[in-house]
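Peer 1: What follows is a predicted protein model with its sequence.
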Amino acid sequence: MRAGFFLCTTLLATCALWAQTTPDFTGVYLLDPAERPQTETKPRKGRAPRSDPRLLAVQQIEETLVAGSSLILVIRQSEGSLYATWRQNGATSMSRFDLNGQTTENRTPWGLVTRDRAKFRKQKLIIESVAEGSYLDGPTMQGIGLTVAPRVNGVRFKETWELKPNQHTLVIESLYSLASYSRQPSSEAALAKADAASLMKRCSSLKWPPLQEDDLKYGGGVTLGITAYRQLARCVSFEANLLGECLGGLERTVKSGVAEFRKNGSVESEYPDSVVLEIQPRVWYWPADGLWWVPRQAGAAKLPDEYLDLRFRIAWAGLVSRDLGEVNSELITEPWPELRPPQRFYRLKIPSNGIPLTDTLEIQIFSSDGESVGCISGHI
């Protein structure tokens with residue numbers, strides 16, 4: 001009896017010690033870019049800081065992309081397993097880790113299969129992984145000259161998960177990244193915050209190339225704006241270009257903050273009866289943070305089916321406000337396949353009679369079932 005009692009007491013003490021030393025990660029967390037600490041890159045010795053307008057524009061676009069792509073992490077932890085679900089702008093990925101030392105197999109959003117072993121060490125969860133498979137799972141990197149995705153064989157990487165003493169902050173660290181997640185009261189609250197920041201739902205007015213000069217002379221077209229956002233392993237972008245004979249040779253000058261347009265010496269103030277709008281969607285596959293050896297600019301993939309039947313709602317805003325509602329579009333394929341994989345874009349005819357050249361065109365982009373997938377607001 002004594003031996004049995006001693007054994008039971010020992011087991012209870014061991015369980016109590018386990019409960020004290022093993023953190024419970026269960027909860028909903030948000031990687032909010034707006035709250036993420038900024039990092040400063042110092043210029044190399046002997047080199048001036050980067051102040052080129054185009055480099056600054058690239059940095060602005062990257063910051064906008066990150067800000068519009070909040071990442072939600074939902075964790076459910078039991079005695080023997082931990083389930084982690086990542087959500088970002090409609091994309092979802094789930095992994096299961098065994099907490100008793102057994103190897104589990106998971107599939108990453110990047111198309112790789114990982115064999116993972118998780119263990120606790122000093123209040124931290126250590127996850128050691130071995131990755132195999134075809135990166136991006138197929139011929140998706142044609143934009144950089146690769147017709148077959150790189151093959152991964154036995155690449156090892158490690159993550160450390162730590163729940164801070166305030167139980168509010170979860171830090172996930174790997175060799176190449178450090179992410180700090182904040183605990184949210186519920187999945188609904190996290191989703192509401194992520195949706196409010198998402199560039200799927202709000203308009204972007206970024207331009208490329210950057211228009212820094214006050215005085216410009218246009219060719220036959222001009223970029224109105226771009227928008228982009230992350231969906232775990234991929235980035236989705238849209239570029240809007242305005243075309244028309246009226247733009248050829250058009251010159252813009254800015255005096256005292258007011259834009260004035262001239263063509264062939266004559267003042268131009270309004271658009272013609274209609275202009276052509278072209279919108280090009282692109283899907284870019286983004287490397288995993290731990291897989292640094294994969295090119296950081298993975299080329300544009302073949303356009304997924306869900307982007308082959310988009311819808312567009314158009315409105316003019318400024319001195320004249322005019323809601324055009326949903327405007328019909330035509331999906332065009334480039335006719336030069338011998339030069340590069342053909343790009344596809346949408347072409348729309350936009351009524352513009354009486355619209356001042358200074359006004360803004362707002363383009364709302366929807367999927368075929370009416371879900372918002374992007375918005376661009378811009379002017380010439």
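Peer 2: Nice, I can see it. Numbers count the residues shown, from 1 in each chain.

Peer 1: Which element, helix or strand, includes M200?
Peer 2: Using DSSP states H and E, M200 falls within no helix or strand.

Peer 1: Give me the neighbour count for it.
Peer 2: Burial of M200 is recorded as 22 neighbouring residues (other Cβ atoms under 10 Å). (C-beta placed from N, C-alpha, C; glycine too.)

Peer 1: cool, and the one 4 residues further on?
Peer 2: Residue neighbour count, defined by other Cβ under 10 Å, stands at 23 for S204.

Peer 1: now P351
Peer 2: 15.

Peer 1: who's in contact with it?
Peer 2: By Cβ atoms under 8 Å, 6 or more residues apart in numbering, the residues touching P351 are D273, S274, L324.

Peer 1: I figured E239 hits I279, correct?
Peer 2: Yes: between E239 and I279 there is a contact under Cβ atoms under 8 Å: 7.1 Å.

Peer 1: List the ones among the contacts of P351 that fall in strands.
Peer 2: Judged by DSSP state E, strands contain the following of those: S274, L324.

Peer 1: Can you give the domain ranges for this protein?
Peer 2: Annotated domains of the chain cover 25-33+53-197, 216-378 [automatic domain parsing].

Peer 1: Nearest to C203 among those domains would be which one?
Peer 2: Closest approach to C203 among the domains of the chain (Cβ to Cβ): domain 216-378, 4.0 Å.

Peer 1: What's the mean pLDDT across that closest one?
Peer 2: Domain 216-378 carries an average pLDDT of 87.

Peer 1: re earlier: turn the contacts of P351 into a markdown table, columns for distance to V113 and neighbour count.
Peer 2: Listed next are the contacts of P351 as a markdown table, based on distance: Cβ to Cβ, whole Å; neighbours: other Cβ atoms under 10 Å:
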| residue | distance to V113 | neighbour count |
| --- | --- | --- |
| D273 | 57 | 11 |
| S274 | 52 | 14 |
| L324 | 48 | 16 |
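
Peer 1: Give me the nearest residue to S352, chain neighbours excluded.
Peer 2: Leaving aside its chain neighbours, S352 sits nearest to Y271 (3.7 Å; criterion: Cβ to Cβ, 6 or more residues apart in numbering).

Peer 1: what sits against the one you found?
Peer 2: By Cβ under 8 Å, 6+ apart, Y271 lies in contact with G244, C246, S352, N353, I355, P356, L357.

Peer 1: how far away is it from F120?
Peer 2: Distance, Y271 to F120, by Cβ to Cβ, to the nearest Å: 65 Å.

Peer 1: avg pLDDT for the helix or strand encompassing L170?
Peer 2: Assigning secondary structure by DSSP H and E places L170 in strand 169-173. Averaging pLDDT along strand 169-173 yields 95.

Peer 1: Strands of the stretch 1-150 of the chain, residue ranges please.
Peer 2: Residue ranges of the strands in the stretch 1-150 of the chain, as given by DSSP state E, counting those that start in this stretch, are 27-31, 71-77, 81-88, 91-98, 104-107, 113-121, 124-134.
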